[in-house]
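> Provide a 3D model corresponding to the input given below.
(4 chains)
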There are 4 protein chains.
Amino acid sequence: MLKVGIVGGTGYVGIELIRLLANHPKVKLESISSVSYQGQKVEDIYPNVLNIVDLVCESSDEVINKCDLIFTALPHGLSEHIVDKCIRNNKVCIDIGADFRLKSEDVYKKWYQKDFEIKDIHKEAVYGLPEVYREQIQKSIVIANPGCYPTSAVLGLAPIFKNKIVKPDSVIIDAKSGTTGTGRNPSQITHFSECNENITAYGIASHRHMPEIEQTLTELCGGDVIVSFTPHLIPVSRGILSTIYVQLKESPSIEEIHDIYKDYYKDEKFVRILPLGQVANIRNVTHSNFCDISIHYDSRSQRLIISSAIDNMIKGAAGQAVQNMNIRMGFEEEEGLMLIPPAF
Amino acid sequence: MLKVGIVGGTGYVGIELIRLLANHPKVKLESISSVSYQGQKVEDIYPNVLNIVDLVCESSDEVINKCDLIFTALPHGLSEHIVDKCIRNNKVCIDIGADFRLKSEDVYKKWYQKDFEIKDIHKEAVYGLPEVYREQIQKSIVIANPGCYPTSAVLGLAPIFKNKIVKPDSVIIDAKSGTTGTGRNPSQITHFSECNENITAYGIASHRHMPEIEQTLTELCGGDVIVSFTPHLIPVSRGILSTIYVQLKESPSIEEIHDIYKDYYKDEKFVRILPLGQVANIRNVTHSNFCDISIHYDSRSQRLIISSAIDNMIKGAAGQAVQNMNIRMGFEEEEGLMLIPPAF
Amino acid sequence: MLKVGIVGGTGYVGIELIRLLANHPKVKLESISSVSYQGQKVEDIYPNVLNIVDLVCESSDEVINKCDLIFTALPHGLSEHIVDKCIRNNKVCIDIGADFRLKSEDVYKKWYQKDFEIKDIHKEAVYGLPEVYREQIQKSIVIANPGCYPTSAVLGLAPIFKNKIVKPDSVIIDAKSGTTGTGRNPSQITHFSECNENITAYGIASHRHMPEIEQTLTELCGGDVIVSFTPHLIPVSRGILSTIYVQLKESPSIEEIHDIYKDYYKDEKFVRILPLGQVANIRNVTHSNFCDISIHYDSRSQRLIISSAIDNMIKGAAGQAVQNMNIRMGFEEEEGLMLIPPAF
Amino acid sequence: MLKVGIVGGTGYVGIELIRLLANHPKVKLESISSVSYQGQKVEDIYPNVLNIVDLVCESSDEVINKCDLIFTALPHGLSEHIVDKCIRNNKVCIDIGADFRLKSEDVYKKWYQKDFEIKDIHKEAVYGLPEVYREQIQKSIVIANPGCYPTSAVLGLAPIFKNKIVKPDSVIIDAKSGTTGTGRNPSQITHFSECNENITAYGIASHRHMPEIEQTLTELCGGDVIVSFTPHLIPVSRGILSTIYVQLKESPSIEEIHDIYKDYYKDEKFVRILPLGQVANIRNVTHSNFCDISIHYDSRSQRLIISSAIDNMIKGAAGQAVQNMNIRMGFEEEEGLMLIPPAF
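Predicted coordinates:
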């Protein structure tokens, strides 16, 4: 049994990860840390795991000492030093925060107003989107788990960017997310009375997931990519739906494009390309690690419209982190992730 | 035009009151105060009234000076001194907080852990439930607007308590409230991700609205009343549904009981006794000042079951405050309150 | 008092219209018709209007005979003959269905698979979007009330199309609607267990509101317009948010564009251009006749992003119909429509 | 691998059962039947199992022929003949409908207006509430899976009825259920626009789960029991919360009662007695087979208040059916049911 731990285990990503790891047949969840709740039992903070998870929050050092693989689930800016310690102790680290996602320090600085503090460790990191970077993930010591929006958007776009059939400046991503993406801290925007019966865009043209999306698309097509990305908050707990509009360089039939998608993902366990005529929605993927993708052609405007749905907390966070662990450790990729989405 | 003002105008009850008063044909909303937002425009705090309400938050003294009738919408313990100032300036005050609802200082002390600080003004106050205390409301200088749960529960019980046909120790009130009842401040319990897809009881056997319910029922029947009261939080923004279980002293037919209810409320504009066979729900009263009541007889257990529904923010707070103002000032009672509940 | 009636009064638009007309100071709601419920009382079908609306469903002929102005709220294809009767009786008709919205019979045929049956009456009709066609509305005998999505989209785009600063083939409208837009009939897609905690696109590149949007934009700019339009169903009862992406011909500053919007709508009571930096949402407009519009510039992709929010049942249907009546009859335009959106 | 099948596999209970069985390590889901969808693939009816469940709906005879254990998930009145066939073929049958729950034909007739058609098979049936009838379940050929409300109510009451410390005529069960309990067929009451932002009681004093609750409580305490039971529909997809009010014969301390509960359930894997001071809610049990129970004492009215929460589709239906199968077949009781409730 692989001993695993979580630094920052009491946020929403942390508790979701606890839930997945507690049922994973190849690992033992050995230790978790929390600055806010050190010394407290997890089941007292999250009564959903009452009688199931018997852990007390410890310090991050204890987690690193006790475990062979460490997940960090921290606000951005706080992972670097933890990851550095992991590396120095030769322990694999899967960082679910943003600190290692962007490869360019300049880009990171522009969007996060912060330097790379420990510069040389960043080149050890791989961007942990298995469907694009599986080979590198197999051998990296630091895996930067992607953001939730980028996971949904990039999976929806990878086949046509890899095949270079899309106009790279034509991409518009209109994304809708459930509230768990904002985390556990109460705020006005997620106060039930204000979030319920509402929908609003936020971070228009300024969300930090934008450069992350562009970085991967640029690598896929080999040229510069600028996207428009507008996230919205919708009154559901889980799920992200990205509706993506692109223009293609030529005019393949929708069947040909569908074949490109099916071919690109033919060996992927967690990406489902829907039959033509069906439309992806979040209900069919929430509580699972799946990404459902449907494609549609608007012949009047000659735009391809892609609908890409994930559970933001699973494929968009904790589940993908487990998938990365499985790849890195040589486990079956779906180990602990055979979650069938409920019909309701 | 009557000049009216609100002390504590930026909480949820405050903004709902602003909305009602802005459309009231007999009053001018002259001034509102807010400790947190003094100097700020209401429309910057609540963009729903953009271009509609042109007020800047002032001090409570300015409100009292400028207005003839003052609403206080403050956390309990903060109204007493404001009300005292109003009285000394001979201005009618409608207090939507809890400070003047309980007549007995002992009871108040037990439930609020606090003395009456300015003792003699409490005897000026009338409990502002128009359907029970209309005559006193017409001439009081201080009107204590009832709590939301007590409004729903007492209206559902008043006819049978007034007619003394109910066993006074048999009352069980199982109440379900929307989230606006908890106010504007974000908290874990009203955090969308935790409140959504959930229902929970809270304050079991210890909620401060319990003595308030008992006080009025005791006055209605002339004997001591102890009730069981369990509030629940449900994932809707507005509305309270009280499901009430009682045992009757004798065994009238359901039609006779129905007649008692219809007779008791025959002149009431805002209480609707549903035809036998229909069941009250919150959707048919939200966004209005109505209280819908349906009654049901369980012949096997010989219990009467009453379903009583209100909008917690209107009949349970701001609307009832306006109704009290209308009564006190001699306006038509439904002035400014002809809100037809939407079908959806 | 103007005598008004509704043909097809028991659908969702019908009951919302009843609610608005019952409180309108210049009209008397004289009669409504319903094929499904003829002979039944409205309050038995919609208990929200219990004790408020005292009408029994009649035949459409009775409505036309008794009233001076008739609203038709019928599924498409059923209005033509009713409207024809109204015209022959010289009665103003406001049709909330789709039969008179499209001016070209060819376009109508393509999208509705149906001819204009009574051809000559179509040229009497004006498209009832007051902010664009107010002058024509003042004198028409048939007013085609716009669809909900077109209202939200066209109001968000009119200023830049009128000023011809937008590239006409660049428009992408990603719209999100509450469930009341689908009407009263239960279906799998609006079954609570399937609609709740879900979001899905539908009618991608094939929704009938698309040609309606294009028709008005084409008239505004004087050139052909093709848009991409993707509606989504979100788990809220009311409201439409359209997130609109366009490219401009030149590069004005965001302040200049903001001025164009403010100027275009400077005399409009029901369109609110939000201050720069704020974002439109549906909560601030639901239960009112307002359209809130916010604009945003994405300097990286050089796209203008417009957020336009309405209540689909009010500004998107029944409220706009009342607004059209007010304009046509010479009433104050906001008569009966001074609905302040609630904060929650 | 045990071959299992489902007769009536395309309702909500059916698809939830499919989901659980597809991941159960000891069984193979061999065949399902559906009258409405015969010949169709499950994944076409329920796209959530796309690429996961590769079954085509067959006839009920095929299910019975191919499988060793059969689940029936049918509307009441339709199971009897299927179960009879199973028995005659010596195959264990777990009936999730109501046909075998009530032992008295008179009671069944009174509540379901229907005779037992095949009388002698009813005495083979055991009521499948494992925490009360585990020993009988181990050896029965017909297991009548309990209703969702009775599961929640009886588990909340069993310890005090078994210990005979409760006044048997004092029980009031105020239950709140999510919408999946009404099944897959759309109806007005579960139409999103009408169910959302609403709560209503239904079936007051007349719901068919009432005699089922009474039957088990009567067996537990050895005396006649009449309960008041009021179900409510709340706007959540999953979960039942029962708030239960009882009077005790004597006055034990809350700690003593708590000990009674903990002792009664000390070996149970799926019942969690919360620490005193905590309150059960549905979020902490949904998507799992747990029943969470919290107890509270109202010293003023001397009532014990019990809060009992389950997922209506799992512990209240499909999960309990799997639990019964595990018990009957000698598998570990939690096999295939180690579902950790998510925190959100």
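> Which residue ranges of the stretch 201-344 of chain A form strands?
Counting by DSSP state E, counting those that start in this stretch, the segments of the stretch 201-344 of chain A that form strands are A:228-233, A:240-247, A:271-273, A:291-298, A:303-310.
> Using JSON lines, lay out those together with mean pLDDT and distance to chain C.
(C-beta placed from N, C-alpha, C; glycine too.) Shown next, in JSON lines, are these (pLDDT from 0 to 100; distance: least, C-beta to the nearest C-beta, whole Å):
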{"stretch": "strand A:228-233", "mean pLDDT": "98", "distance to chain C": "5"}
{"stretch": "strand A:240-247", "mean pLDDT": "98", "distance to chain C": "5"}
{"stretch": "strand A:271-273", "mean pLDDT": "98", "distance to chain C": "15"}
{"stretch": "strand A:291-298", "mean pLDDT": "98", "distance to chain C": "4"}
{"stretch": "strand A:303-310", "mean pLDDT": "98", "distance to chain C": "5"}
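> Now mean neighbour count too, for those strands, in CSV please.
CSV is the format used below for those (neighbours: other C-beta atoms under 10 Å in any protein chain shown):
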stretch, mean neighbour count
strand A:228-233, 24
strand A:240-247, 25
strand A:271-273, 24
strand A:291-298, 25
strand A:303-310, 26
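> Out of these, the one nearest chain B is which?
strand A:228-233 (9.0 Å; C-beta to the nearest C-beta).
> Compute the inter-axis angle for that closest one and strand A:240-247.
160 degrees (axes from the mean of the first three to the mean of the last three C-alpha atoms, to 10 degrees).
> thinking again about what came up before, how about the strands of the stretch 201-344 of chain A in CSV, adding distance to residue C:313?
Shown next, in CSV, are the strands of the stretch 201-344 of chain A (distance: least, C-beta to C-beta, whole Å):
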stretch, distance to residue C:313
strand A:228-233, 21
strand A:240-247, 24
strand A:271-273, 36
strand A:291-298, 28
strand A:303-310, 27
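> So which of those is nearest residue B:215?
strand A:228-233 (42.9 Å; C-beta to C-beta).
> Given that closest one, what are its sheet partners and their directions?
Strand A:228-233 has the following strand partners under DSSP bridges: strand A:172-177 (parallel), strand A:200-201 (antiparallel).
> Okay, angle between that strand and strand C:291-298 too, please.
Using the same axes, to 10 degrees: strand A:228-233 against strand C:291-298 is 140 degrees.
> then strand A:228-233 to CSV, C-alphas only?
Taking Å, rounded to 0.1, in the frame of the first residue of the first chain, the C-alpha atoms of strand A:228-233 are listed here in CSV:
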residue,chain,number,x,y,z
SER,A,228,-11.8,34.7,-24.9
PHE,A,229,-12.9,33.0,-21.7
THR,A,230,-15.9,34.0,-19.6
PRO,A,231,-16.8,32.0,-16.5
HIS,A,232,-20.3,32.1,-15.0
LEU,A,233,-21.5,31.1,-11.6
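> and the angle for that strand with strand C:303-310?
Going by the same axes, to 10 degrees, strand A:228-233 makes 30 degrees with strand C:303-310.
> Need the residues that contact strand A:228-233.
Strand A:228-233 is contacted by residues A:149, A:153, A:171-177, A:179, A:182, A:189-190, A:195, A:198-205, A:207, A:209-210, A:213, C:176, C:241, C:243, C:245, C:298, C:300-301, C:303, C:305 when judged by C-beta atoms under 8 Å, 6 or more residues apart in numbering or on different chains.
> which among those end up buried?
A:149, A:153, A:171-177, A:179, A:182, A:189-190, A:195, A:198-201, A:203-205, A:207, A:209-210, A:213, C:176, C:241, C:243, C:245, C:298, C:301, C:303, C:305 (16 or more other C-beta atoms under 10 Å in any protein chain shown).
> quick one on the thing from earlier: between the strands of the stretch 201-344 of chain A, which gets nearest to residue D:65?
Ranking the strands of the stretch 201-344 of chain A by proximity to residue D:65 (C-beta to C-beta) places strand A:271-273 first, at 32.4 Å.
> If you count contacts, what does the closest one end up packed against?
Packing partners of strand A:271-273 (3 or more C-beta pairs under 8 Å, 6 or more residues apart in numbering or on different chains; DSSP states H and E): helix A:254-264, strand A:291-298.
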